[in-house]
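Enquirer: need a 3D model of the sequence below.
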Amino acid sequence: MQQGPEPDTNKVLQGAEHWVRLDRASTPAAAGGEMAGQLGAAAEGPLVMVAGWEDGHQACAPFVASDGGHACRGCPVGLVTGVMRSGRAATDRCPYGIRMLAFPAPAGSRSSAAVLRLGTPESTDADLPSGRAILHAARRLRATDGLQGWEAEQRARGAERRRTAAAALAQMIATTEEFHRLYTAADRDRVSVETSMTRLDTLARETLRESEESRVAVAHALHDTAGQSAVAAHRFLDAARASLKGPRPETAARHLDEAQERLLTTIKEIRTVLNNLVPPGLEELGLVNALQIHVRDNVPKTILAEVTGQLPRAEYWLEAGLFAMTAEAISNAVQHGQPTLIKIDLRASRGRGIITVTDDGVGFDPAAAHRRTLEGMGLIGMQRRAGWLGGRVDIVSRAGTGTNITITVPLEDPERTE
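Expert: Residues are numbered from 1 along each chain as shown. Next up, the predicted model:
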């Protein structure tokens with residue numbers, strides 16, 4: 001059926017509802033059909049709205065999402081029931097003041113009715129649609145083909161809105177998942193930053209402690225060795241001076257010899273302390289040569305010690321750290337391993353320096369050694385120092401099989417500095 005000339009007709013139809021009374025023994029497919037028409041008002045099945053307000057009536061939509069929505073969905077029931085029983089049109093107001101016009105649709109039906117919602121709760125008589133617009137809308141819904149066409153339009157609009165709503169829901173879900181992913185990543189970053197800060201604090205404390213221990217160790221070394229030898233030399237010199245003035249001057253020579261021996265011992269002990277602070281040859285010749293000198297001066301001749309391989313030159317602080325860890329590994333082998341052979345191998349791989357110290361000694365249990373070693377000393381000190389340099393120390397040993405210690409640290413390129 002043709003649309004009326006009034007532009008308000010479409011607005012009236014947007015607020016329309018189509019209600020049917022279902023036969024309790026029939027299916028919804030029979031609603032509004034011949035069976036429902038034959039049963040008429042005698043069919044006492046439930047009233048069901050098959051098209052209408054859920055497609056978005058401007059006045060009712062706000063109430064549907066609120067507690068008043070229940071009233072909005074049920075308010076036309078009494079009006080529709082009366083229309084179906086009487087077979088005539090009727091008007092009423094919903095609890096929120098919206099005017100309603102109900103009438104049999106299609107015309108003559110006693111089990112199917114249309115409801116037109118007119119205006120809003122605040123509408124005055126001047127705001128209501130024109131009588132011609134209401135008449136055109138009613139004529140369309142009273143005609144069977146017009147009612148079916150209107151229902152098809154309602155379903156099409158509803159499907160489009162559902163698609164839009166589904167797309168919006170999918171976007172909300174995707175956005176929520178993205179927010180969750182970002183939150184999870186941010187939380188991981190926060191934990192990583194907190195862990196890094198904790199490690200930094202630990203490193204600062206360990207660096208301070210290591211510096212203080214090194215200072216104290218140097219002081220003790222000078223006091224207990226070179227200091228004592230220098231005091232003894234001074235006493236022998238005093239004794240020689242007293243002998244020259246006394247009745248037996250010939251004893252002065254012996255005291256001078258003793259003083260000279262103590263002074264030579266003092267010189268040697270001071271050099272040892274200095275070598276521990278600044279390994280000889282390290283700054284001038286590099287790590288390999290410094291290790292060769294260390295092996296020559298500190299490994300007994302009864303032990304065969306070999307230094308093989310090479311590492312590229314690095315920053316002095318890095319080479320000093322590598323030297324200290326390697327020297328500690330050599331010292332442990334000499335003092336505890338009872339070896340006949342010690343091999344020190346140096347090589348670079350993928351930007352990392354690798355030093356392996358292997359001996360054929362008696363071996364040991366690394367876990368038990370960790371429990372026996374004082375904090376900051378021995379194997380624990382090596383592993384801590386390697387961690388400060390961004391590397392690690394791996395120890396493989398067991399009783400009767402010798403020991404293999406591998407030191408791995410990232411190398412710094414001194415030529416890359418700006």
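
Enquirer: and the strands in the stretch 101-250 of the chain?
Expert: According to DSSP state E, counting those that start in this stretch, the stretch 101-250 of the chain carries its strands in the segments 112-118.

Enquirer: which helix in this protein has the most residues?
Expert: helix 144-221 (DSSP state H).

Enquirer: so how far is the helix or strand containing residue 267 off the chain centroid?
Expert: Here residue 267, judged by DSSP states H and E, is contained in helix 252-277. Centroid displacement of helix 252-277 relative to its chain, using CA atoms, centre = their mean, to the nearest Å, is 61 Å.

Enquirer: which other helices and strands contact that helix?
Expert: helix 144-221, helix 228-245 (3 or more CB pairs under 8 Å, 6 or more residues apart in numbering; DSSP states H and E). Bear in mind the C-beta positions are built from the backbone N, C-alpha and C, glycine included.

Enquirer: and the shortest one with helix 252-277, angle?
Expert: It refers to helix 228-245. Angle of helix 228-245 versus helix 252-277, following axes from the mean of the first three to the mean of the last three CA atoms, to 10 degrees, is 160 degrees.

Enquirer: any idea which of the helices and strands packed on helix 252-277 gets closest to residue 337?
Expert: Residue 337 sits nearest to helix 144-221 of all the helices and strands packed on helix 252-277, at 23.7 Å, using CB to CB.

Enquirer: and the angle for that closest one with helix 252-277?
Expert: 170 degrees.

Enquirer: tell me the helices and strands packed up against the longest helix of the chain.
Expert: strand 16-21, strand 47-51, helix 131-142, helix 252-277, helix 378-388.

Enquirer: that one vs strand 47-51, what angle?
Expert: 80 degrees.

Enquirer: give me the mean pLDDT for helix 144-221.
Expert: Helix 144-221 shows a mean pLDDT of 81.

Enquirer: same deal with stretch 76-84?
Expert: The average pLDDT for stretch 76-84 rounds to 87.

Enquirer: can you list the buried residues in it?
Expert: Of all the residues in stretch 76-84, those buried under the rule 16 or more other CB atoms under 10 Å are 76, 79-81, 83-84.

Enquirer: re earlier: residues of the next helix or strand after the helix holding residue 267 that come out buried?
Expert: Later in the chain than helix 252-277, the nearest helix or strand by DSSP H and E is helix 282-285. Buried positions in helix 282-285, judged by neighbour count with 16+ other CB under 10 Å: residue 282.

Enquirer: what residue ranges in this structure score low on pLDDT?
Expert: Low-confidence segments of the chain (pLDDT under 70): 1-7, 24-44, 53-75, 120-123, 161, 276, 369-377, 412-418.

Enquirer: circling back: how far does the longest helix of the chain sit from its chain's centre?
Expert: 8 Å.

Enquirer: so which of the helices and strands packed on helix 144-221 comes closest to residue 196?
Expert: Among those, the nearest to residue 196 by CB to CB is helix 378-388 (13.5 Å).

Enquirer: so which elements touch the closest one?
Expert: helix 144-221, helix 316-332, helix 366-372, strand 392-397, strand 403-410.

Enquirer: can you give the domain ranges for the protein?
Expert: Following automatic domain parsing, one gets these domains for the chain: 8-142, 281-416.

Enquirer: ok so, going back, with respect to residue 283, which of the helices and strands packed on helix 378-388 lies nearest?
Expert: helix 316-332 (6.0 Å).

Enquirer: list the buried ones in that closest one?
Expert: The neighbour-count check on helix 316-332 (16+ other CB under 10 Å) flags 318-323, 325-330, 332 as buried.
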